[in-house]
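Engineer: Quick check, what structure comes out for this input:
(one chain, ligands or ions: 1)
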Amino acid sequence: MTSAYGIPRHHFRAKNTLMVQGTTSDAGKSALVTALCRLLARQGLRVAPFKPQNMALNSAVTIDGGEIGRAQAVQAMAAGIDARVDFNPILLKPTSDQGSQVIVGGHAIGTMRAAEYYRHKPALLNDVIAAHERLTTEFDHVIVEGAGSAAEINLRAHDLANMGFAEAIDCPVILIADIDRGGVFAHLVGTLAVLPETERERIVGFVINRFRGDPTLLQPGLEWLEHETGRPVLGVLPWLENLHVEAEDSLSRAGNSHHEGARMQVVVPLLPRLSNHTDFDALRLHPDVELKFCHTPEPCDLIILPGSKHVRADLDWLRAQGWETAIKRHLRYGGRVMGICGGYQMLGHRIIDPDGVEGEAGESHGLGWLDLTTTLQANKQLRRVTGHCLLGGPPGTPLIGYEIHVGESRGNGLGENIFVLDDNRRDGTLSADGCILGTYLHGIFDCRETLESLLEWAGLTKPRHFDYEAFRLAEMDRLADAVEDAMDLERLKNFN
Ligand SMILES: NC(=O)CC[C@H](N)C(=O)O
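Structural biologist: Numbers count the residues shown, from 1 in each chain. Now for the predicted structure:
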């Protein structure tokens with residue numbers, strides 16, 4: 001038998017694989033996959049997350065030295081295993097509205113516009129299938145996350161992220177919809193309606209996400225849905241107040257924080273190509289910190305220039321929004337400034353992109369507050385690091401982080417390093433007056449001790465203890481508990 005798109009198919013052939021697709025973006029696919037990974041791992045099963053294709057500027061460095069979407073690294077954590085490139089064989093990192101850097105098997109193969117990427121897709125589907133196949137031989141279960149909406153029929157012909165993948169490997173699919181945004185029945189029934197018969201057949205049931213309110217009022221709708229579609233509602237997941245699971249990409253549900261009694265105001269310019277915003281999760285969740293992502297400058301104690309996928313363009317944006325003048329003033333009044341990766345590069349004298357790695361070839365004047373110059377190179381540096389932070393003086397506090405950058409910085413400003421890495425390298429530059437700090441390391445706030453040292457440097461006395469690692473694991477368990485209460489895990493296991 002062949003699918004509506006000509007791919008040979010058999011009935012539910014893929015071993016131990018269950019896929020979650022959504023009726024919309026942000027329906028809760030990532031969270032459901034995270035929860036299922038956690039629940040299966042809690043039963044002592046070996047479970048791997050998988051997302052064929054991810055589009056995100058939040059990425060993670062894997063144990064095997066590649067780059068994948070952040071969500072799959074979080075799901076791996078939920079599954080109790082280290083992240084590896086097979087969990088997300090294709091990652092698209094948008095650099096402009098039309099083009100993305102294409103990362104295959106953990107490594108960038110180039111920056112492509114949509115049409116060019118489409119030409120690569122048939123070959124890429126083979127890479128995706130091969131990665132999935134490797135996981136099925138090693139793990140008891142593979143939980144696959146789709147991308148965006150399953151109903152994007154305009155993209156279906158070359159799809160490898162949703163039904164294109166499910167058809168190719170032949171696996172059952174759960175469809176999840178977000179009731180909080182409304183229209184949930186229309187979303188579910190409408191999605192089934194636009195799918196061809198063979199794809200519709202794969203949908204083994206529905207999950208309704210983010211429900212709050214009176215369940216008796218929902219019940220008639222569920223009965224209607226089951227009757228109308230002949231498919232079960234496998235679970236209604238509750239709205240979980242302030243649930244923290246790292247955001248896949250957009251800042252819509254994450255974002256600004258407000259804590260009663262916060263003593264430190266942090267502002268992060270909302271760069272158009274801001275990358276790795278999960279860097280700020282531990283910081284914005286800290287009880288002493290109020291963090292805001294802003295388009296235009298606002299008064300605060302600490303300004304952090306974040307990572308960027310297109311540093312020179314984001315630097316232009318920063319200037320156009322008035323940040324350069326505002327930051328100078330902020331420094332004059334004793335404020336602190338920090339730059340992470342792309343933001344660090346902006347703090348130097350120049351950013352040179354001779355080969356147009358991030359857009360037009362050329363160079364830009366940096367803000368010039370740290371004595372360094374950055375050249376962007378074809379080769380991307382990807383590594384996880386451990387070490388010590390010497391901010392409070394030797395022997396320093398433990399440090400963890402990761403690097404993802406094509407820029408290489410040189411200059412006298414790199415002399416006084418505050419991060420000593422276990423691989424004998426150094427990182428972390430402090431300006432002579434101690435008010436400006438730059439680093440290539442992402443994820444450094446995740447480590448409690450480093451977070452406290454950095455907050456003290458920024459002017460906070462005796463920061464409260466906040467253990468982000470423990471917090472995020474507890475949140476994963478809160479999510480998993482809710483899914484366990486709402487769904488029958490044994491039933492899900494029997495779908496394949
Ligand atoms: N993660 C980042 O901020 C990367 C900065 C810059 N785009 C580089 O690759 O060097």
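
Engineer: mind listing what Gly105 touches?
Structural biologist: Gly66, Val85, Pro89, Asp127, Ala131 (CB atoms under 8 Å, 6 or more residues apart in numbering). In short, each C-beta sits where N, CA and C put it, glycine included.

Engineer: Make JSON lines from the residues you listed and add neighbour count to it.
Structural biologist: Formatted as JSON lines, the entries for these read as follows, by neighbours: other CB atoms under 10 Å:
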{"residue": "Gly66", "neighbour count": "23"}
{"residue": "Val85", "neighbour count": "22"}
{"residue": "Pro89", "neighbour count": "28"}
{"residue": "Asp127", "neighbour count": "16"}
{"residue": "Ala131", "neighbour count": "20"}
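
Engineer: Taking those, tell me the two that lie furthest apart.
Structural biologist: Largest separation among those by CB to CB: Gly66 and Asp127, giving 12.7 Å.

Engineer: Tell me the buried residues in the longest strand seen in the chain?
Structural biologist: For the chain, the longest strand by residue count, based on DSSP state E, is strand 373-389. Buried residues in strand 373-389, counted by 16 or more other CB atoms under 10 Å: Thr373, Thr374, Thr375, Leu376, Gln377, Lys380, Leu382, Arg384, Val385, Gly387, His388, Cys389.

Engineer: Now the contacts of Gly105 in a markdown table, please, with extra columns for secondary structure and pLDDT.
Structural biologist: Written out in a markdown table, the entries for the contacts of Gly105 read as follows (DSSP: H, G, I helix; E, B strand; the rest coil; pLDDT from 0 to 100):
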| residue | secondary structure | pLDDT |
| --- | --- | --- |
| Gly66 | coil | 96 |
| Val85 | helix | 97 |
| Pro89 | coil | 98 |
| Asp127 | helix | 95 |
| Ala131 | helix | 97 |
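
Engineer: circling back to that earlier point, which one of the buried residues of strand 373-389 sits closest to the ligand?
Structural biologist: When the buried residues of strand 373-389 are ranked by distance to the ligand (CB to the nearest ligand atom), Leu376 comes first, at 5.8 Å.

Engineer: The closest one: what's it in contact with?
Structural biologist: Applying CB under 8 Å, 6+ apart, the residues contacting Leu376 are Val311, Ile351, Ile352, Asp353, Pro354, Asp355, Val357, Glu358, Val406, Gly407.

Engineer: By neighbours, which of these wins?
Structural biologist: With neighbours set by other CB atoms under 10 Å, the maximum within these is found at Val311, which has 30 neighbours.

Engineer: what's the neighbour count on the closest residue to it other than its chain neighbours?
Structural biologist: Computed as CB to CB, 6 or more residues apart in numbering, the closest residue to Val311 that is not its neighbour in sequence is Gly342, at 4.4 Å. In terms of burial, Gly342 registers 28 neighbours under the definition other CB under 10 Å.

Engineer: what's the answer for the one 3 residues further on, then?
Structural biologist: A count of neighbours around Gln345, defined by other CB under 10 Å, yields 32.

Engineer: Show residues contacting the strand or helix carrying it.
Structural biologist: Counting by DSSP states H and E, the element that carries Gln345 is helix 342-346. Residues from elsewhere that reach helix 342-346 (CB under 8 Å, 6+ apart): 271, 275, 304-309, 311, 314-315, 318, 339, 351, 366-367, 370, 374, 405, 407, 409, 429, 438-440.

Engineer: Show me which residues of the chain sit near the ligand.
Structural biologist: For the chain, the residues found near the ligand under the criterion CB under 6 Å from any ligand atom are 275-276, 307-309, 311, 341-342, 358, 376, 404-407.

Engineer: So which of these sit within strands?
Structural biologist: Those of those mapping onto strands are Ser275, Gly307, Ser308, Leu376, Ile404, His405, Val406, Gly407, per DSSP E.

Engineer: Among the residues you listed, find the lowest-pLDDT one for me.
Structural biologist: Between these, the one the model trusts least by pLDDT is Ser275, at 92.

Engineer: so that residue touches Ser308, yeah?
Structural biologist: Yes: taking CB atoms under 8 Å as the definition, Ser275 is a contact partner of Ser308 at 5.9 Å.

Engineer: Overlap in contacts, those two.
Structural biologist: Here Ser275 and Ser308 share the contacting residues Cys341, Gly342, scored by CB under 8 Å, 6+ apart.

Engineer: ok, Arg464 - contacts?
Structural biologist: Taking CB under 8 Å, 6+ apart as the criterion, Arg464 is in contact with His286, Pro287, Asp288.

Engineer: quick one: secondary structure of the second one?
Structural biologist: Okay, so that is Pro287. Three states are possible here, and by DSSP: H, G, I helix; E, B strand; the rest coil the one that applies to Pro287 is coil.

Engineer: export the next helix or strand after the helix holding Gln345 as CSV, just CAs?
Structural biologist: Stepping forward along the backbone from helix 342-346, the first helix or strand reached (DSSP H and E) is strand 350-353. Coordinates of the C-alpha atoms in strand 350-353 are reproduced here as CSV (Å, rounded to 0.1, in the frame of the first residue of the first chain):
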residue,chain,number,x,y,z
ARG,A,350,34.9,45.3,15.7
ILE,A,351,33.0,42.3,14.3
ILE,A,352,34.3,41.1,11.0
ASP,A,353,32.4,38.6,8.8
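
Engineer: for strand 350-353, packing partners?
Structural biologist: Other elements packing on strand 350-353 under the criterion 3 or more CB pairs under 8 Å, 6 or more residues apart in numbering; DSSP states H and E are helix 311-320, strand 362-365, strand 373-389.

Engineer: Kindly recompute the last result at 10 Å.
Structural biologist: Strand 350-353 makes packing contacts with helix 311-320, strand 362-365, strand 373-389, strand 397-410 when contacts are defined by 3 or more CB pairs under 10 Å, 6 or more residues apart in numbering; DSSP states H and E.

Engineer: quick one: the longest one to helix 311-320, angle?
Structural biologist: Between strand 373-389 and helix 311-320, the angle comes out at 90 degrees (axes from the mean of the first three to the mean of the last three CA atoms, to 10 degrees).

Engineer: Ok, the last one next?
Structural biologist: Taking the same axes, to 10 degrees, one finds that strand 397-410 is oriented at 100 degrees with respect to helix 311-320.

Engineer: Find out how far strand 397-410 is from the centre of the chain, if you would.
Structural biologist: Between the centre of strand 397-410 and the centre of its host chain there is 18 Å, according to CA atoms, centre = their mean, to the nearest Å.

Engineer: Check which element follows it along the chain.
Structural biologist: Past strand 397-410, heading to the C-terminal end, the next element that is a helix or strand (DSSP H and E) is strand 417-421.

Engineer: What average pLDDT does that following strand get?
Structural biologist: Computed over strand 417-421, the average pLDDT equals 93.
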